[in-house]
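>>> what's the 3D shape of this:
(one chain, ligands or ions: 1)
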Amino acid sequence: MRRLKPFISYFLRSSQKITIDSIPDGSVIDIGGGGEGIIAQIGNERITAIDKYQSEIDEAKSNAPTANWIRADATDLSYSDNYFDNATAFFSGIYMSLETFEKVCMETYRVLKDYGEFWIWDARISNNKDLYIIRLQITLPNGKKINTGYGTRVRNRDIIEIRQKLVKTKFHIEIVENHGEWFFIKAIKKK
Ligand SMILES: C[S@@+](CC[C@H](N)C(=O)[O-])C[C@H]1O[C@@H](n2cnc3c(N)ncnc32)[C@H](O)[C@@H]1O
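Sure, this is the predicted structure:
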């Protein structure tokens, strides 16, 4: 344990702090919900967590066993129009090309009810490195702290591109918060 201490304190010092006070109400589709299963840990049985990879689902499932875990590509969902009350994507956009993200926005828009909200937390990637890693210390509404990191080969991704894709797919932007290395956007399906 002693040998791990320098590593843990380095990790905590360099990590971005995110406090999640709440998630949307009702039935929620969580896009790219595997990995840690952050949104599923908060909303449990209200959450339908979609992930393209079974390995990511297997990793997350024990953290929130009562959530609905579905292996699916979020660019092509099997749900009918207006099925979910709300949607979330927690650091999933950085695992997608912008072209894929646009398709995901279109599908999310379709399966949301009118006035459904899409809450997005994601990274602002301003470098050109082969691998970008963001370290996070996430505080859940119940006070639980989760230290984790997400790595991606996506380059130069910022709020503006995500915002453009949301607007292009007819979402209205309600809130944009810039937190330095990460951002939060709340968009809404309004006719
Ligand atoms: C960084 S992880 C997200 C972290 C996760 N939300 C959590 O709570 O820890 C990104 C996830 O998006 C998933 N993903 C990427 N493209 C996808 C797609 N087209 N459809 C569904 N999931 C996708 C990946 O498999 C990966 O599990």
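
>>> Any regions of the protein where pLDDT drops low?
For the chain, the stretches flagged by pLDDT under 70 are 1-13.

>>> Next to the ligand in this structure, residues from this protein, please.
Neighbours of the ligand within the chain, by CB under 6 Å from any ligand atom: 32-38, 50-53, 56, 73-75, 90-92, 95-96, 100, 150. Quick note: C-beta positions are derived from backbone N, CA and C, even for glycine.

>>> Please indicate which of these are buried?
Among the residues of the chain next to the ligand, those scoring as buried are 32-38, 50-52, 56, 74-75, 90-92, 95-96, 150 (criterion: 16 or more other CB atoms under 10 Å).

>>> quick one: the strands in the protein?
Listed in chain order, the strands of the chain (DSSP state E) span 16-19, 28-31, 47-51, 68-71, 86-90, 117-123, 132-139, 145-152, 171-178, 182-189.

>>> possible to save the ones you listed as CSV with distance to residue 164?
Below are the strands of the chain laid out as CSV (distance: least, CB to CB, whole Å):
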stretch, distance to residue 164
strand 16-19, 24
strand 28-31, 18
strand 47-51, 23
strand 68-71, 28
strand 86-90, 16
strand 117-123, 13
strand 132-139, 20
strand 145-152, 19
strand 171-178, 10
strand 182-189, 11
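
>>> looking at these, which is closest to residue 104?
strand 28-31 (6.0 Å; CB to CB).

>>> circling back to that earlier point, I'd like to know which of the residues of the chain next to the ligand are part of helices.
In this view, those that belong to helices under DSSP state H are 38, 56, 100.

>>> pretty sure the last one is touching residue 73, no?
This points to residue 100. No. Using CB atoms under 8 Å, residue 100 makes no contact with residue 73, being 9.0 Å away.
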